[in-house]
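Asks: Attaching a predicted model along with its sequence, questions to come.
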Amino acid sequence: MKKRSLLFVITAIVIVVGTVFIVRNLNKSEDAINNEMLIENNTEVLEEKIEAPTADSLEIDKILGFNPRSINDELLEEKQGETDTTTDIFSVKVPYEIPGTSLVIESIGQYTGPFVEDGSDVPKDNVASIVVKNKSSQLLQYAEINLSVNDEIITFKVSTLPAGTSALVLESTGKFEFNDNDNYRYVDSIYTYLNEASLMENKVEIIKDDKKLAIKNKSNENLGTVYVYYKYAQQGGLYLGGITYRSKFENVEAGATIEVDANHFSKDTSVILMVDYIN
């Protein structure tokens, strides 16, 4: 009888614990589950073939891991009221043309996925992000865009953005979370363009593989140190992150083939944007 009672108690405990576990998972927020799936899927998507972004390829509603701000600008303006009389800080209503530049903020929202801006690829949730388009006819070499949110200045950095293309740029520290009701204001920016960006196809051949790059010097001259610059392409027809990755090849003599580790390079999703050398 005692054994039966003990067995009954153990069975009851197992049922209760199992029920609590199920209830906890059922109570888990849908957003949390979706965010976990986005982080996992966003890591996997880097293994799929993605075409290089073009001037016409941007589809904001298809950007993996990105949710644009849902509150409309009119409602945001109504909530803000007419208390702000400053002339040097402007409310960001998308699309927003950044003063004095050929850059446009096409969307503001939140990003969930690998944080690429510092090269760590650490999974992040709800990072404030902007979609930036380069509407100039030149390659954007580098830009910093400073916005004010709730009296806090946040910075977005973007580099090596080809003419006509867009990038999903994450807040530079990855620590500032997005809130749909926040009012984003433009503060200032710095930027520089390149007149020419070459792939040096007449001098080098680039051999691509996952996490490795090799170059073959096709010319009859010693090129010294060669740099290869590349970015990730992302679903939605744009580049992922403002970051640009760079691989360095040293002592590139005539006819030589040199291979280096390129931990962030993917033959299916990375796009080589520029090749340069210092002799």
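Replies: Yep, that arrived.
Asks: Could you list the low-confidence segments of the chain?
Replies: Across the chain, the stretches falling below the confidence threshold (pLDDT under 70) are 1-47, 71-90.
Asks: Spatially nearest residue to the residue nearest the centre of it, not counting backbone neighbours?
Replies: For the chain, the residue whose C-alpha lies nearest the mean C-alpha position (C-alpha atoms, centre = their mean) is residue 241; its distance is 2.5 Å. Distances taken as C-beta to C-beta, 6 or more residues apart in numbering put residue 116 closest to residue 241, at 3.8 Å, once the chain neighbours are dropped. For glycine as for every other residue, the C-beta is placed from the backbone atoms N, C-alpha and C.
Asks: Make sure that neighbour is actually in contact with residue 232.
Replies: Yes - taking C-beta atoms under 8 Å as the contact criterion, residue 116 and residue 232 are neighbours in contact, 6.8 Å apart.
Asks: where do the contact lists of those two overlap?
Replies: 240, 241 (C-beta atoms under 8 Å, 6 or more residues apart in numbering).
Asks: Which stretches in the stretch 51-200 of the chain count as helices?
Replies: With DSSP state H, counting those that start in this stretch applied, the stretch 51-200 of the chain shows helices at 73-80, listed in chain order.
Asks: related to what we said a few turns ago, now the residue nearest to the centre of the chain: how far from residue 168?
Replies: Per C-beta to C-beta, to the nearest Å, residue 241 is found 7 Å from residue 168.
Asks: Please apply the same query to residue 244.
Replies: From residue 244 over to residue 168 (counting by C-beta to C-beta), the distance is 14 Å.
Asks: More neighbours: the two, which one.
Replies: Higher neighbour count among residue 244 and residue 168: residue 168, with 29 against 19, using other C-beta atoms under 10 Å.
Asks: Quick one: residues contacting the more buried one.
Replies: 63, 66, 111, 129, 130, 131, 234, 236, 238, 239, 240, 241.
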